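Participant: coords please:
(2 chains)
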Amino acid sequence: MAEPVKQTEAPEQRPPASRFQARMRKFGAALGPSVVAVILAMIAGAIVILITWPDKTVGPFQNIFNAYSALITGSYGSLGNVSDTLVTVTPLIFASISVAIAFRAGLFNIGAAGQLAVGAMAADIVGLTHTSWPSWLLVPTMLLASILAGAIWGGIAGFLKAWRGAHEVVTTIMLNWIAFFGTDYLINSAPLAAPFGVTSTLALPPNATLPPIAGVYNQIFAHGQPVLDTFTYKIDISLFFALIALVVYWFIISRTTFGYELRVIGQNPKAARYAGIPVKRNTFLVMAIAGAFAGLAGSTNLMGQPGYNLTATAFSSLPTGFDAIAVALLGQTTAIGMLLAALLIGGLRSGSTAMQAIAHVDPNLVLIVEALVLFFIAAEFIPVLRRALPAWLRPRFVPTLQATVVARTSVGLPENGNGEAQDEVELSNLDKGE
Amino acid sequence: MFFQVLFHALTSFNTWQTALQFAALLVLPALGGVISERSGVVNIAMEGMMLTGAFAAVMITLLFHNLGVTNALCVIFGVLAAIIAGGIMALIHGVISINFKANQIVSGVAINIFALGLTSYLVFVLTPAGQGVPSLPASLRLPTLSWGPLSNIPWLGNVLFQQNVIFYVAILILIGVQFLLFGTNIGLRIRAVGEHPQAADTAGVNVRLLRYMCVISSGLLSGLAGAYLSLGVAGVFNPGMTDGRGYIALAAVIFGKYYPYGAAVACLIFGLGYGISLPLQDLSNNPNLASLLYTLPYVLVLLALVGVVGRTTPPAADGIPYEPGSE
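Facilitator: Numbering: from 1, shown residues only, chains lettered A, B, ... in the order given. Model (predicted):
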């Protein structure tokens, strides 16, 4: 991931030598701001460790080294750790698609957390009330229920935005908390709650769960022999669902009329209206679709991970909803970008426990780093940095369309202004235009 | 039966005491939100600013206590530290959203994450063995103001005259902000900047400066609320202790239609919903009815946005960075 940075720094102005080179340069320009943001945030995190120096038994720089190496080995150091990281990454992918598809239409979906909660709740209710159904019927029904519930939750915000003009940020935040407290109520209520005052639901029956990938592997390739230990390798088949969802997202955005309309609305709602695009209907639809993806994040995690139950008050502290915003922005709302960003953010999350155990650095450092990534991306700092540098240090002139425009699109959310949106060129349009 | 329970809950002074306490806690960040949004900067980061304030209040109070400063001074320094800490968070929001013209919602989300991460991290670093902040003794908390004989009035005394000192400060600030926004020249300018910055700029108003002041004051107020929460209500700091109150304050801003008094009424309603939830839960046989009642503020806001309770429209330039020279 490091090498494309160079590409942003100094792509000289010369005729494109080949399609491949042009492609690489564009790729680098697209990746640049995100990579630089992550690197800067990691440096800032290192400075935080340097100042606070939590582990006095080693030197401060050794402490930084220990922390970051623990972070890396804890997230991707062994197959078991990779599997644990992927458990975090899977719902993150779903939720970030939810945020990203709304971004594309110029909407800011802060509500992934709430949509995730109602999705998980709906799946749980279906699973616990139809225990006698066979697996092939029950599992799809549960997934469908979560899609529907999430879609309704997102759709409310979309409806309010389209027909009542209520800002979707406000409505989704409100809907989040309604979802958090509402699910708390349902989780503790009679038909679902586990006995003896435990504040969680009963576990789902085995026919309502998604099998771990290790288990499937054992069944198919090892003829039932336990080659892979399902306790070590917890990741379940919902990872594949998430990857499929990314493909579906890419397809919707760049290969369908609906996706095209979304992007037009996102870049210039007025033009969209003049062009006869049904802005209101599409606003409603995109929020519903966003909710559906987030709902899947909730249900797949519920049905795939051991425990197979929901705990009261857990949703409000679940970081997935806000991590998803970071992932969507970091990945610049492209499918590939979000996959990479989810692997990064999910890796930070899952490696942070190892960081605490080995380097005695509090896992909340990861939150600081994540917030800084958001700051750096939001502030569109690369053009500012370039201007701040003295002339002789400044990288040679960069063709504007390449770096600055893409840097802007990463956060140039149309929500930000009326006139601005028209000047901005979406990344995907660059793809086609050239 | 249910109505009997409801009646009991509504008439008990405990309910109203809690309601007013909660309302005062909410109204401070809500007023900050009103000022900030009126000037055209969307602020969803009251949660994070409150949390930072709560943290700074407890930490500075304990620091000065350990240095041997008298208790009253410790608390005063704690409150000041909270206000400054909230202001610094707001300054970050200001720099990013006014100078860098970043998306203000992204910035707000980042502030909330940053505040949660930073305070939790620092609690781990600054407390021995990282086991968290100890509960403060009564002498290091914000005191309940004594009103002499007034406090002994049967129902009213309990509700109105046995409140924390910040409660009365909050009322003063409420009146002050209402006057500032709608009774002074500065208030007119603030509203002009939020509605039509280009026009305000043409008329000689310094748009950026005014927006900075407004964002920072929203941080100062949120920080004060944080101090009230940690030094007054809870007497301790726990990571993530604001627990969505900043978002309720945001709801109050919108429910109150961006008016200080409106926000205060909204806070009172939300506070009553909170105050009534505990007795209702105790009196009814449903142990988790409270969770449902907690949703009340948010449901009300949604209804308000649908137009059932009257439609809410934000200031015209809310959330749009100002570009000099744009039309």
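
Participant: what's the burial count for the residue of the stretch 1-150 of chain A found nearest chain B?
Facilitator: For the stretch 1-150 of chain A and chain B, the shortest gap (CB to the nearest CB) falls at A:Thr52, measuring 4.5 Å. C-beta here means a position set from N, CA and C on the backbone, and glycine is covered the same way. Residues near A:Thr52, counting by other CB atoms under 10 Å in any protein chain shown, number 18.

Participant: and the pLDDT for it?
Facilitator: If you check A:Thr52, the pLDDT there is 85.

Participant: how close does it get to A:Gly106?
Facilitator: Separation of A:Thr52 from A:Gly106 (CB to CB, to the nearest Å) stands at 40 Å.

Participant: and for B:Phe161?
Facilitator: B:Phe161 is 51 Å from A:Gly106, by CB to CB.

Participant: those two - which one has more neighbours?
Facilitator: Under the criterion of other CB under 10 Å, the comparison of B:Phe161 against A:Gly106 puts A:Gly106 first, with 24 against 18.

Participant: surely that one is in a helix?
Facilitator: No. According to DSSP: H, G, I helix; E, B strand; the rest coil, A:Gly106 belongs to no helix; its state is coil.

Participant: mind pulling up the pLDDT for it?
Facilitator: So A:Gly106 comes in at 87 (pLDDT).

Participant: that one against A:Arg263, yeah?
Facilitator: No. Contact criterion CB atoms under 8 Å: A:Gly106 and A:Arg263 do not qualify, at 9.1 Å.

Participant: tell me the contacts of whichever residue of the stretch 1-150 of chain B sits closest to chain A?
Facilitator: In the stretch 1-150 of chain B, the residue found nearest to chain A is B:Gly117; the distance is 2.7 Å by CB to the nearest CB. Applying CB atoms under 8 Å, 6 or more residues apart in numbering or on different chains to B:Gly117 gives the contacts A:364-371.

Participant: mind putting those residues into TSV with secondary structure?
Facilitator: Shown next, in TSV, are these (three-state DSSP):
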residue	secondary structure
A:Asn364	coil
A:Leu365	helix
A:Val366	helix
A:Leu367	helix
A:Ile368	helix
A:Val369	helix
A:Glu370	helix
A:Ala371	helix
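
Participant: next, format these as TSV and append pLDDT.
Facilitator: Formatted as TSV, those follow (pLDDT from 0 to 100):
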residue	pLDDT
A:Asn364	88
A:Leu365	90
A:Val366	90
A:Leu367	91
A:Ile368	92
A:Val369	92
A:Glu370	91
A:Ala371	92
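
Participant: can you narrow these down to the ones near chain B?
Facilitator: A:364-371 (CB under 8 Å from any CB of the partner chain).

Participant: so what's residue 263 scoring on pLDDT?
Facilitator: Just so you know, I chose chain A. At A:Arg263, pLDDT is 90.

Participant: oops, wrong one, chain B.
Facilitator: 91.

Participant: which residues touch the residue lying closest to it once chain neighbours are set aside?
Facilitator: Excluding the flanking residues, the one nearest B:Ala263 by CB to CB, 6 or more residues apart in numbering or on different chains is B:Gly256, at 3.5 Å. Shown in contact with B:Gly256 (CB under 8 Å, 6+ apart): B:30, B:34, B:262-267.

Participant: go again using 7 Å as the cut-off
Facilitator: B:262-263, B:265-266 (CB atoms under 7 Å, 6 or more residues apart in numbering or on different chains).

Participant: among the residues you listed, give me the pair with the biggest separation.
Facilitator: Taking CB to CB as the measure, those span a maximum distance of 7.4 Å, between B:Ala263 and B:Val265.
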